[in-house]
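What follows is a predicted structure for the sequence shown.
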Amino acid sequence: TDIEKVKKFALLAQASVYKDIIPGYKIVIIEDEEGATLSKEVASIRGYEKKFLACYQVYISSLVKYSKVRSLKANTGMGLIAIKCIGELLCSAPHFNYRINLVEAIVPLMNHSNSKISDMGIKYVESLFKTENRGDVSLEVVKKISAYIRSKSFNVNERMITCLTKIPLTYGLHPGDDIFHGTLHAKRVHISKRDKKKMKHQRIIEKELQEAAAEQSMEEKRYLQTEILKQVFLLYFRILKKVKNTPLLPNILEGLATFSHLINIELLIDLLDLLNEIIRNPNLSILSKLHCAVTAFQTHKLQGQTLNIDLKDYYNQVYSIIFDLIYESIADPSVLKITLSCLTLMISENRQVSIDRVAAYIKRLLTICLHISDGACLSILAIVQELLLKYPKTQQLLDTEFVGSGLYNAEINDAEHCNPFASTLWEFSLLNKHVHPVIQNYSKLVCRMQRAEGRITPMELYEYYIPNTDDPRKNIEKGISYCNPPILDPQPHVLEARYNKYMEAKKNGTNNKKFVKTWFVRPQQLYPQSEFFLGLENQVNDIEVNKEDMKSTLKQYYDEILEDADMMILDE
């Protein structure tokens with residue numbers, strides 16, 4: 001109706017005006033002391049601020065009322081406008097008054113059943129995380145999200161967990177910080193009550209001066225980011241320990257991998273123990289296992305080099321699911337991307353790894369190359385090439401004359417006990433004749449231990465060679481989606497034209513005679529024709545026979561060939 005349209009435009013207009021006139025500081029209402037005289041200018045500013053806050057509070061209350069869940073069901077149009085105004089005000093002026101009301105209003109909307117409403121809420125929260133520089137508003141939002149998720153028994157939208165990875169954290173936990181039992185402080189020094197009162201008063205004055213100047217010290221920024229990191233990891237650990245087989249597990253593991261470089265040694269040990277317990281769960285999905293392994297390798301790479309930790313369990317778990325990638329990569333392409341990230345982290349491991357373990361990985365990866373898509377095959381070949389070059393002893397697998405002891409057991413899921421050196425990389429003989437020309441050339445480069453021109457990562461190879469007709473870099477017709485570049489049509493067979501001519505004559509009923517010719521189709525460049533075959537071709541080139549006499553003529557023809565062959569043997 002017209003009244004609803006007027007209300008919508010009024011809400012949008014007020015939001016636009018408030019975004020322009022909101023000051024760059026938080027307004028603090030100071031009560032006038034008795035007997036205190038204020039200048040005309042100060043009194044005018046205080047009166048304006050009081051009226052401004054009163055009007056702003058009424059506007060915020062109306063936005064919160066329209067954004068309630070019940071109001072959204074009754075009037076979705078006004079609700080969407082209210083959500084937009086709340087998000088715009090929160091992102092443009094996160095420092096201003098009544099921001100806690102805006103935060104409390106937008107956090108429940110992130111878990112709304114309507115995908116459009118939840119997407120709007122998540123979009124504004126992610127934008128707030130990226131643009132807010134101080135960190136105090138982000139800390140409030142993280143606390144509200146954590147409390148809301150716990151109130152819903154951890155049954156929330158997966159993107160509520162994913163949006164936490166958008167927080168730009170640069171400061172990590174200090175040694176001794178414990179997210180479960182508080183921070184371990186040094187021995188406290190005794191301070192008198194009088195000195196404590198002075199210090200408290202001094203901190204209040206410094207805080208007001210900083211807020212008035214809109215400045216922030218490095219210590220305060222470090223403290224806020226540390227508190228945000230504690231809240232995020234505390235939420236992750238609560239979900240992992242209290243809820244088994246939660247659908248939020250891949251998102252939590254992604255967040256752990258994102259912030260793993262910021263944790264301390266104490267939390268690192270707890271994290272690896274928890275991940276080891278999770279990855280052993282037989283009911284865990286392939287995607288969740290890969291996320292566990294990526295988190296463990298990422299954490300160990302960035303923080304665990306000082307610890308003597310063997311990630312053998314994670315190596316065996318990834319090794320056991322490689323064969324499952326043949327059908328999992330078709331059902332969910334994201335599985336292969338995470339696998340490439342995991343394998344890349346394993347390659348970048350600086351510590352010396354068992355040669356049997358590396359050789360087992362090479363053998364199994366080449367086996368699945370025969371059954372996966374072209375882009376996936378190229379990316380796996382790049383992984384195999386890096387492994388062969390980093391561990392030269394594994395190149396024995398390319399030597400067909402080298403024979404190890406025992407038998408290779410391809411079905412065992414222990415990379416160190418499958419005896420890979422008892423086999424060879426015979427898969428290269430098939431990959432060198434692959435239908436895709438790029439795979440042919442790349443496979444030959446890997447066999448020769450040569451790198452391709454330019455350093456291309458496995459992920460770049462996969463993303464470029466996957467079928468995608470929307471990518472402007474790929475000149476692929478809409479009907480072709482098998483590989484990139486598209487495979488050329490095969491050359492016509494030498495007998496195709498003659499066969500088509502014969503079928504056309506047979507269809508028209510004009511075929512009274514049939515030419516019987518012997519054709520020797522062979523690769524002329526590699527194997528030139530011998531004099532014996534040339535002689536046979538010359539003998540049967542122009543023999544014409546009728547259909548009625550075909551059997552007798554053929555018998556006579558073959559008898560003559562046998563007689564000539566016997567004469568050649570006698571002459572020799």
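On my side now, so go ahead.

Next, residue 354: phi, psi?
phi -60, psi 130 (degrees, to the nearest 10).

just checking, it touches residue 416?
Yes. Here residue 354 reaches residue 416: they are 5.8 Å apart, a contact under CB atoms under 8 Å. From N, CA and C alone the C-beta is placed, and that goes for glycine too.

Give me the more crowded residue out of these two.
Legend: neighbour count by other CB atoms under 10 Å for residue 354 and residue 416, higher for residue 416 (17 against 13).

In three-state terms, how would that one be classified?
Residue 416 carries the three-state label coil when classified by DSSP: H, G, I helix; E, B strand; the rest coil.

can you pull the contacts of it?
When contacts are counted by CB atoms under 8 Å, 6 or more residues apart in numbering, residue 416 touches 312, 354, 356-357, 360.

just checking, which of those belong to helices?
Using DSSP state H, the subset of the contacts of residue 416 located in helices is 312, 356-357, 360.

who does the strand or helix carrying residue 140 touch, helix- and strand-wise?
Using DSSP states H and E, residue 140 sits in helix 136-151. Using 3 or more CB pairs under 8 Å, 6 or more residues apart in numbering; DSSP states H and E, the elements in contact with helix 136-151 are helix 99-106, helix 115-131, helix 158-162, helix 218-242.

Can I get the ones you listed in TSV including mean pLDDT?
As requested, the helices and strands packed on helix 136-151 are exported to TSV (pLDDT from 0 to 100):
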stretch	mean pLDDT
helix 99-106	88
helix 115-131	88
helix 158-162	88
helix 218-242	84
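
Would you mind measuring from residue 9 to residue 93?
21 Å (CB to CB, to the nearest Å).

what's the angle from the helix ranked longest in the chain to helix 99-106?
In the chain, with assignment by DSSP H, the single longest helix is helix 40-66. Interaxial angle of helix 40-66 relative to helix 99-106 (axes from the mean of the first three to the mean of the last three CA atoms, to 10 degrees): 10 degrees.

and helix 40-66, how far from the chain's centre?
47 Å (CA atoms, centre = their mean, to the nearest Å).

helices or strands up against that helix?
The elements that helix 40-66 packs onto, with contact taken as 3+ CB pairs under 8 Å, 6+ apart, are helix 2-21, helix 76-92, helix 99-106.

what residues does the longest one touch?
Going back to what we said before, that points to helix 2-21. Taking CB under 8 Å, 6+ apart as the rule, helix 2-21 contacts 52, 56, 59, 62-63, 66, 75, 77-78, 81-82, 84-85, 88-89, 92-93.

which among the residues you listed end up buried?
Buried members of the contacts of helix 2-21, scored by 16 or more other CB atoms under 10 Å, are 52, 56, 59, 62-63, 66, 78, 81-82, 84-85, 88-89, 92-93.

Max pairwise distance over these: which two?
Within the buried ones among the contacts of helix 2-21, 52 and 78 form the most distant pair, 24.7 Å apart (CB to CB).

list the contacts for residue 427?
Counting by CB under 8 Å, 6+ apart, residue 427 touches 366-367, 369-370.

Residue 277: neighbour count?
Residue 277, neighbours per other CB under 10 Å, totals 12.

I'd guess it is in a strand, am I close?
No. Going by three-state DSSP, the assignment for residue 277 is helix, not a strand.

how close does it get to residue 288?
Residue 277 is 13 Å from residue 288, by CB to CB.

quick one, helices of the stretch 201-350 of the chain?
218-242, 249-259, 265-279, 286-302, 312-320, 325-331, 333-347 (DSSP state H, counting those that start in this stretch).

Alpha carbons only: can I get the third one in PDB?
As requested, the backbone C-alpha atoms of helix 265-279 are provided in PDB (Å, rounded to 0.1, in the frame of the first residue of the first chain):
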ATOM      1  CA  ILE A 265      52.400 -24.200  22.100                       C
ATOM      2  CA  GLU A 266      50.100 -25.100  25.000                       C
ATOM      3  CA  LEU A 267      47.000 -24.800  22.700                       C
ATOM      4  CA  LEU A 268      48.800 -26.500  19.800                       C
ATOM      5  CA  ILE A 269      49.200 -29.800  21.800                       C
ATOM      6  CA  ASP A 270      45.600 -29.800  22.800                       C
ATOM      7  CA  LEU A 271      44.500 -29.000  19.200                       C
ATOM      8  CA  LEU A 272      46.600 -31.900  17.700                       C
ATOM      9  CA  ASP A 273      45.300 -34.400  20.300                       C
ATOM     10  CA  LEU A 274      41.700 -33.300  19.600                       C
ATOM     11  CA  LEU A 275      42.200 -33.600  15.800                       C
ATOM     12  CA  ASN A 276      43.700 -37.000  16.100                       C
ATOM     13  CA  GLU A 277      40.700 -38.100  18.100                       C
ATOM     14  CA  ILE A 278      38.300 -36.700  15.500                       C
ATOM     15  CA  ILE A 279      40.100 -38.100  12.400                       C
END
